[in-house]
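Visitor: Next come a sequence and a model predicted from it.
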Amino acid sequence: MNVLGEFKFKDKTIKIIHGDITEEDTKAIVNAANSHLKHGGGVAGAIVRKGGSIIQEESDKIGFVPTGSAAITTAGKLKADYVIHTVGPVWGEGDEHNKLKSAVKSALRVAEEHKIESISLPAISSGIFGFPKDEAVKIIFETAVNFLKTSRYVKEIHFCNIDELTSNLFLQELKNIEA
């Protein structure tokens, strides 16, 4: 895990992490999920492979999660205690920007409801769902930072991505708030 940047305000912290979200030791990690919570590929597949079948089993009990919403499961063998599964939009389905904001807010609201102090977010919808990375990063970052300003329990947000391009896009957003 490589910390590319960090910003603190009051008792809150934002970190940009270049690394594997399944290795994060935040209290919760966010999974960019599909509506049926079938975790076969991408980040979702990696989370289940590393965390164990319990994550898929708990997801199957939840069933369907609409786009823009989130659900929570335990994290199995991962370092995190929880996985928050949020469903971002597929690029081209319409109203993608608002749906992505809703997915981020939903994940953070679930964290807040469960009194989770630290959470790690990937670039939701910017992989196989096709959302342009630069636009997705901007929306995810701004939505999360605005949420953090008023959150009671969530104190630390990590933006964690395995690929360097996405990590650098998040780092640029961080530099914009520092300027």
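Guide: Right, received. Where do you want to start?

Visitor: List the residues that contact the residue nearest to the spatial centre of the chain.
Guide: Nearest residue to the geometric centre of the chain (CA atoms, centre = their mean): residue 121, 2.5 Å. Counting by CB atoms under 8 Å, 6 or more residues apart in numbering, residue 121 touches 30, 104, 107, 140, 144, 157, 158, 159, 160. C-betas here are computed from N, CA, C, even on glycine.

Visitor: Check which helices and strands the one helix or strand the first one maps to sits against.
Guide: If I follow you right, that is residue 30. If you go by DSSP states H and E, residue 30 is part of strand 28-33. Where contact means 3 or more CB pairs under 8 Å, 6 or more residues apart in numbering; DSSP states H and E, strand 28-33 is packed against helix 42-51, strand 82-87, strand 118-121.

Visitor: hmm, which of the contacts of residue 121 are the buried ones?
Guide: 30, 104, 107, 140, 144, 157, 158, 159, 160 (16 or more other CB atoms under 10 Å).

Visitor: if you look at the residues you listed, which of them are in helices?
Guide: Applying DSSP state H to the buried ones among the contacts of residue 121, the entries found in helices are 104, 107, 140, 144.

Visitor: quick revisit: what separation do you get for the residue nearest to the centre of the chain and residue 128?
Guide: From residue 121 over to residue 128 the distance is 17 Å, taken as CB to CB, to the nearest Å.

Visitor: thinking again about what came up before, centre of the chain to the strand holding residue 30, how far?
Guide: On the basis of CA atoms, centre = their mean, to the nearest Å, strand 28-33 sits 5 Å off its chain's mean C-alpha point.

Visitor: ok, now stretch 159-171?
Guide: Distance, centroid of stretch 159-171 to centroid of chain: 12 Å (CA atoms, centre = their mean).

Visitor: Likewise for stretch 28-45?
Guide: Computed by CA atoms, centre = their mean, the chain-centroid distance of stretch 28-45 equals 10 Å.

Visitor: Quote the end-to-end distance of it.
Guide: Terminal residues of stretch 28-45 lie 17 Å apart, using CA to CA, to the nearest Å.

Visitor: Cool, thanks, signing off.
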